[in-house]
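The sequence and its predicted three-dimensional model are supplied below.
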Amino acid sequence: MTSEVVQAHPDTPFKELARLLTSHRISGLPVVDHDDKVMGVVSRTDLIERQAARRPGSARQRILRTVRRPARARPARVPAVTARDLMTSPAVTVHPEQRVVDAARIMERRHIDRLPVVDEEDRLIGITTRRDLLRVFLRTDEEIRSDVGDAVSVHVPAHGADHVRVDVRDGVVTMAGRLRPDADASVLVRAAWRVDGVVGVVNRLANGRGADQGGTPLQHSAG
């Protein structure tokens with residue numbers, strides 16, 4: 001997530017929107033009210049489509065209409081176009097606690113490149129882009145292993161895990177260990193999947209004795 005967000009207000013004029021998008025080299029920006037609550041999003045496509053819609057007919061037809069206009073006739077006053085007229089509303093947003101994979105699915109399903117990040121009162125606190133999502137998968141195996149260890153350890157006492165071990169290689173998490181006969185290993189697997197940067201989970205957890213003991217002990221995952 002990027003916390004410094006280029007934003008607009010409902011009365012931001014067309015030309016200023018175009019300047020912001022161009023100077024910051026971004027494809028879209030959120031529109032917020034006086035309380036920083038997200039009202040909508042304006043994209044480059046919105047601006048281009050608006051300009052195309054305002055210029056019907058060929059160039060020759062537009063010239064003929066201008067020539068045929070009476071000499072004393074004044075051109076009609078066109079109201080200024082602002083972000084309020086252009087924005088897509090309501091905006092599709094996410095909260096900071098949502099997983100990266102959830103944000104990626106929303107972007108793919110909605111065909112959008114960026115998502116405003118809002119707090120519990122819908123106030124803008126940041127923005128996440130497809131590039132931000134890709135950065136997550138550049139995390140080191142050690143960083144991922146530490147987070148997986150923390151996530152899994154929350155569930156270990158309830159599931160009677162004994163000597164659960166975690167190993168990570170190229171983003172793929174392998175969990176091995178011994179669980180109580182009535183324990184549900186899928187809970188630990190899901191906890192590992194929720195960690196940012198994880199690209200796969202190998203479940204070698206066993207109920208009872210004889211589990212594979214390879215990997216890094218869970219109790220040392222923060223080290």
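Noted; the coordinates are in hand. Numbers count the residues shown, from 1 in each chain.

Which neighbouring elements make contact with the longest helix along the chain?
Taking DSSP state H as the criterion, the chain has its longest helix at helix 141-153. When contacts are defined as 3 or more Cβ pairs under 8 Å, 6 or more residues apart in numbering; DSSP states H and E, helix 141-153 sits against strand 162-169, strand 172-179, helix 185-193. Placement of C-beta: from N, CA and C, glycine included.

Determine the angle, from 0 to 180 degrees, between that helix and helix 185-193.
140 degrees (axes from the mean of the first three to the mean of the last three Cα atoms, to 10 degrees).

and helix 141-153 with strand 172-179, angle?
Relative orientation of helix 141-153 versus strand 172-179 (the same axes, to 10 degrees): 30 degrees.

who are the neighbours in contact with Met107?
For Met107, the contacting residues are 113-115, 130, 133, by Cβ atoms under 8 Å, 6 or more residues apart in numbering.

Of the residues you listed, just the buried ones, PyMOL syntax please.
Burial among the contacts of Met107 is assessed by 16 or more other Cβ atoms under 10 Å; the matching PyMOL selection reads:
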select buried, resi 114+115+133
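
Specify which member of the contacts of Met107 is nearest to Val5.
Arg114 (9.7 Å; Cβ to Cβ).

Could you list everything the closest one pairs with in the sheet?
In this entry, Arg114 is beta-bridged to Thr129, by DSSP bridges.

wouldn't it be in contact with Thr128 here?
Yes. Using Cβ atoms under 8 Å, Arg114 is in contact with Thr128, at 6.9 Å.

those helices in the protein, which residues are they?
With DSSP H as the criterion, the chain has helices spanning 14-23, 44-53, 59-68, 83-86, 100-110, 130-136, 141-153, 185-193.
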